[in-house]
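Participant: please find the sequence and the predicted model below.
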Amino acid sequence: LRDEKRVALSIWDEKLLTDLGKSVYRLQLMTLQFVTIQLAPSVDTRMWTEHEPSLSSSGTEVPVFKLDSIAFDPNIQLLPGLNIPASSLGIEIKVVGELRPSTNGQGVTGRIGFVSSGDLPVPMRMLPSTALQAASDNINKVVCNFAVKSFEAGAVKKYDEFRKAELAAKL
């Protein structure tokens, strides 16, 4: 958790992550379809490690990896080939999260949250709210599942690389 770049590469698919420098990374999401709107969003996140008091009685500090979104681009198309600026729809995306050693010291635990909001174009406001809610819920589910699967695959891969490097350094 002390190496912010290594953790960043473990929490997101490397092919969809760009290091922008100064502890800022662009996380690209898969293309999403919301009724007639197509999104291919990216979120720029600042990632860093802080040290906080341990929850145990040892009095030691533990590294806590944190992330916070600082910018985003929803890459939105209302119709194929018709790009719309996010500002015209009032779209906002916010991502926050943290990762810390588990209390038993045998793994990590964390949480991540995201919030998205915006105004629908006039024609879409005529759709039934149940259809809009179902589509929105589905997008949220897809994004959450993608984030969890990316972390699970990346964490195992990067941990294996870390252990091999540690063993090689001892030889």
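Facilitator: Noted; the coordinates are in hand.

Participant: residue contacts, T109?
Facilitator: Neighbouring residues of T109 by Cβ atoms under 8 Å, 6 or more residues apart in numbering: 99-103. (C-beta placed from N, C-alpha, C; glycine too.)

Participant: what are the bridge partners for it, then?
Facilitator: With DSSP bridges as the criterion, T109 is bridged to R100.

Participant: how much space between it and R100?
Facilitator: Distance, T109 to R100, by Cβ to Cβ, to the nearest Å: 6 Å.

Participant: so how far is the first residue of stretch 29-39 from its last?
Facilitator: Start and end residues of stretch 29-39 are separated by 9 Å (Cα to Cα, to the nearest Å).

Participant: centre of the chain versus it, how much separation?
Facilitator: 17 Å (Cα atoms, centre = their mean, to the nearest Å).

Participant: avg pLDDT for the longest helix belonging to the chain?
Facilitator: Longest helix in the chain by number of residues, with DSSP state H as the criterion: helix 129-170. Averaging pLDDT along helix 129-170 yields 77.

Participant: which helices and strands sit right next to it?
Facilitator: On a contact count with 3 or more Cβ pairs under 8 Å, 6 or more residues apart in numbering; DSSP states H and E, helix 129-170 meets helix 4-11, strand 32-34, strand 108-117.

Participant: distance from it to the middle of the chain?
Facilitator: Relative to its parent chain, helix 129-170 has a centroid offset of 8 Å by Cα atoms, centre = their mean.

Participant: same question, stretch 11-25
Facilitator: On the basis of Cα atoms, centre = their mean, stretch 11-25 sits 10 Å off its chain's mean C-alpha point.

Participant: can you give me the end-to-end span of that stretch?
Facilitator: Length of stretch 11-25, first residue to last, Cα to Cα: 11 Å.

Participant: buried sites along it?
Facilitator: By 16 or more other Cβ atoms under 10 Å, the buried positions in stretch 11-25 come out as 11-13, 17, 24-25.

Participant: compute the number of surrounding residues for F65.
Facilitator: Per other Cβ atoms under 10 Å, the neighbour tally for F65 reads 23.

Participant: try the one 10 residues further on
Facilitator: Applying the criterion other Cβ under 10 Å, we find 17 residues in the vicinity of N75.
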